[in-house]
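Peer 1: Let me see the structure of the following:
(chains A and B)
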There are 2 protein chains.
Amino acid sequence: MSAEVVSIKRDQPSLGPILSLIATPMNAVNAVILGRMQSEVPLIPALAGHLISGGGKRMRPMLTLAGAELVGYQGTRHHKLAAAVEFIHTATLLHDDVVDGSDLRRGKETANLVFGNPATVLVGDFLFSRAFELMVEDGSLRVLKILSSASAVIAQGEVDQLTAQRKIETSEERYLSIIGAKTAALFAAASRIAAVVAERDEAEESALDDYGRNLGIAFQLVDDAIDYDSAAAEMGKDAGDDFREGKMTLPVILAYARGNEEERRFWQEAIAGFRNEDEDLAKATDIIRKHDTVRATRDRARHYAERAIDALSIFPDGKARAAMTEAARFAVSRGY
Amino acid sequence: MSAEVVSIKRDQPSLGPILSLIATPMNAVNAVILGRMQSEVPLIPALAGHLISGGGKRMRPMLTLAGAELVGYQGTRHHKLAAAVEFIHTATLLHDDVVDGSDLRRGKETANLVFGNPATVLVGDFLFSRAFELMVEDGSLRVLKILSSASAVIAQGEVDQLTAQRKIETSEERYLSIIGAKTAALFAAASRIAAVVAERDEAEESALDDYGRNLGIAFQLVDDAIDYDSAAAEMGKDAGDDFREGKMTLPVILAYARGNEEERRFWQEAIAGFRNEDEDLAKATDIIRKHDTVRATRDRARHYAERAIDALSIFPDGKARAAMTEAARFAVSRGY
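Peer 2: This is a model prediction of the structure:
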């Protein structure tokens, strides 16, 4: 029995291969990140550093770097661009935490809790501007177009999510459109720009975009599953946050769709904000378990991860493709 | 006596000439602004429109358009770019109102009061991204560099202002550095890009930059003077806001510098936030009147307006230069 568990563990996908694939360029990216978040206004590096040095996985720069390996890019332009992607992401996280009033991220107190909302909003703006400065230094209008357009889509997705909050009638389609915008658009852009700097053809650009976009959807689905699934320690954020904020994520959307009259009434009240107690979260988790919607959410995630993996099929076999394939498998195995 | 008042009125500088100079292109800019603030997420145009249609003077796009007239630019590229400038400014205003917790702007309830802080932060992000999309469509890396760098400087200025808030020891130099960043950088950039699209030489670019930067400083100084000078109706924001928020603006910095022991103690307590009542504001206004620091602030503003006007000396005389000269005179005569 114990041997079996060990062997399952051993077969579990990990980020190991992709991390070792990009270890050297990631050091260069980290140097850009640390260098370019400096400012003569000391609060800026203090606040930015709180989040940036706070144990993020650098998923999005990882995609740019791995994509560059995949297409055999030999230059260094992607270092600055990967840093720009991370700055855009960090700006979004800072603003998200203000918007949600979160107090825990990656297992640490959020910047807004430590430094206050005003500074957090403004440092987000600073990082966002810095991201564009980095792109302008690189000088590719194509990259600028891809990332400015992704940024506008992200903001629209965030506003759309806000509009859908506490709205029980949110459909799976609407939810997919929201996460496609707020999460997957930057995954797609981060991947695509690797092909752009390497001057590959549109087919390879598209393939990397598809990989990133599907991976981003899978990633967000798993995040949303974990919020009803695991201990807070797992994600470094408070489990049940989504429930208390009345966010319509897929585990709830499916539980509502599959629920009986009484369960639907419960969800209506809970999502409207009238059931905020621990016992309400316990009841929500029970209903979700009954209808197996965390598993269903993970199944949906696996579907997108498979699409991500298949999008890589136009590239030759090799270390990079294998590492990116395993990274997609890892994304959906998290929290199991 | 009454005749004399009328004649003074008649001599007062106005925005009339600059407004008629740019009336036609401003219609084109307004069309871009209205068209590009749209989104399939209805909250976005609703919130953006609340501020954008809310009677702003479009000062910054005005600078781009007037600058283009001054250098004889014949094209239409500046329409999109002036809209981008206004979007950057609007994003900043939305975030400012969240940061300051303001509830009145341009005589209307602020967006954050009507739509809430979360939506206001996110729609600011959207407009900021849209600004970059517009610049990318235009395709000039020089313009992108000028405006991305201005955006980073603005954010740094805002953070710096936040750091200086409630700090009685803030010097005039520090204050000038803050308003140079948070206000004048965008005035300068908005003016400079007119020369860039017209492909004029560095001397003309610099002259327009100098005009905008000095005008921006003058403009902010007068705003800060008016906050201790006039009825709330004048600016469409609550008079005394700066006092209650503990902002170290020049009327206070000078009153503190010129004050006696007892007055300094008052400012220390007030700026630290322990004197928030109407009677405290009345006392602040009295001390400021005694030391004549509103007038001193306006004198400083006039100095910068004159520098702005003199920066235009490399351009030939004509309607555009006269209108821009009068606009600078108007900027410092406001609220008298």
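Peer 1: For A:Ser129, the count of nearby residues, please.
Peer 2: Residues near A:Ser129, counting by other C-beta atoms under 10 Å in any protein chain shown, number 25. The way it works is simple: take the backbone N, C-alpha and C, and place the C-beta from them, glycine included.
Peer 1: pLDDT score for it?
Peer 2: With respect to pLDDT, A:Ser129 scores 98.
Peer 1: In terms of helices and strands, where is it?
Peer 2: Assigned by DSSP states H and E, A:Ser129 belongs to helix A:117-138.
Peer 1: What is that helix packed up against?
Peer 2: Helices and strands touching helix A:117-138, as assessed by 3 or more C-beta pairs under 8 Å, 6 or more residues apart in numbering or on different chains; DSSP states H and E, comprise helix A:23-36, helix A:43-52, helix A:77-100, helix A:111-115, helix A:141-164, helix B:77-100, helix B:117-138, helix B:141-164.
Peer 1: so what's A:Val99 closest to, chain neighbours aside?
Peer 2: Distance criterion C-beta to C-beta, 6 or more residues apart in numbering or on different chains; nearest residue to A:Val99, sequence neighbours excluded, is B:Pro118 at 4.0 Å.
Peer 1: what's the neighbour count on that neighbour?
Peer 2: Neighbour tally, B:Pro118, other C-beta under 10 Å: 21.
Peer 1: In contact with it: list those residues for me.
Peer 2: A:Val98, A:Val99, A:Asp100, A:Leu162 (C-beta atoms under 8 Å, 6 or more residues apart in numbering or on different chains).
Peer 1: Specify which member of the residues you listed is nearest to chain B.
Peer 2: Nearest to chain B among these is A:Val99, at 4.0 Å by C-beta to the nearest C-beta.
Peer 1: I'd like the distance between A:Ala83 and chain B.
Peer 2: 14 Å (C-beta to the nearest C-beta, to the nearest Å).
Peer 1: Pretty sure that residue sits against A:Arg58.
Peer 2: No: counting by C-beta atoms under 8 Å, A:Ala83 does not reach A:Arg58; the two are 9.9 Å apart.
Peer 1: which residues do these two both contact?
Peer 2: A:Val29.
Peer 1: quick one: which of those two has more around it?
Peer 2: A side-by-side neighbour count of A:Ala83 and A:Arg58, using other C-beta under 10 Å, places A:Ala83 first with 27 against 22.
Peer 1: I'd like to know how many residues surround the closest residue in space to the more buried one that isn't next to it in sequence.
Peer 2: Leaving out its chain neighbours, the residue that sits closest to A:Ala83 by C-beta to C-beta, 6+ apart is A:Val32, at 3.9 Å. Neighbours of A:Val32 under the rule other C-beta under 10 Å: 19.
Peer 1: mind putting the helices and strands packed on helix A:117-138 in CSV, distance to B:Ile179 included?
Peer 2: Shown next, in CSV, are the helices and strands packed on helix A:117-138 (distance: least, C-beta to C-beta, whole Å):
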stretch, distance to B:Ile179
helix A:23-36, 25
helix A:43-52, 18
helix A:77-100, 24
helix A:111-115, 23
helix A:141-164, 28
helix B:77-100, 13
helix B:117-138, 21
helix B:141-164, 7
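Peer 1: which ones are touching the most centrally placed residue in chain A?
Peer 2: Compute the mean C-alpha point of chain A, and by C-alpha atoms, centre = their mean the closest residue is A:Thr183, 5.3 Å away. A:Thr183 makes contacts with A:Gly157, A:Gly216, A:Ile217, A:Phe219, A:Gln220, as judged by C-beta under 8 Å, 6+ apart.
Peer 1: Apply 6 Å and report the result again.
Peer 2: Residues near A:Thr183 by C-beta atoms under 6 Å, 6 or more residues apart in numbering or on different chains: A:Gly216, A:Gln220.
Peer 1: And what about it, helix, strand or coil?
Peer 2: Here A:Thr183 is helix, with the state taken from DSSP: H, G, I helix; E, B strand; the rest coil.
Peer 1: Over to A:Asp229?
Peer 2: What three-state DSSP gives for A:Asp229 is coil.
Peer 1: Now do it against chain B, distance only.
Peer 2: Between A:Asp229 and chain B the computed distance is 26 Å (C-beta to the nearest C-beta).
Peer 1: What does the pLDDT read for that residue?
Peer 2: In this model, A:Asp229 is scored at 84, pLDDT.
Peer 1: now swap in A:Asn260 and tell me
Peer 2: On pLDDT, A:Asn260 comes in at 97.
Peer 1: Ok, A:Ala181 next?
Peer 2: At A:Ala181, the model reports a pLDDT of 98.
Peer 1: My guess is it contacts A:Ala152. True?
Peer 2: No: applying C-beta atoms under 6 Å as the test, A:Ala181 and A:Ala152 come out as separate, 9.5 Å apart.
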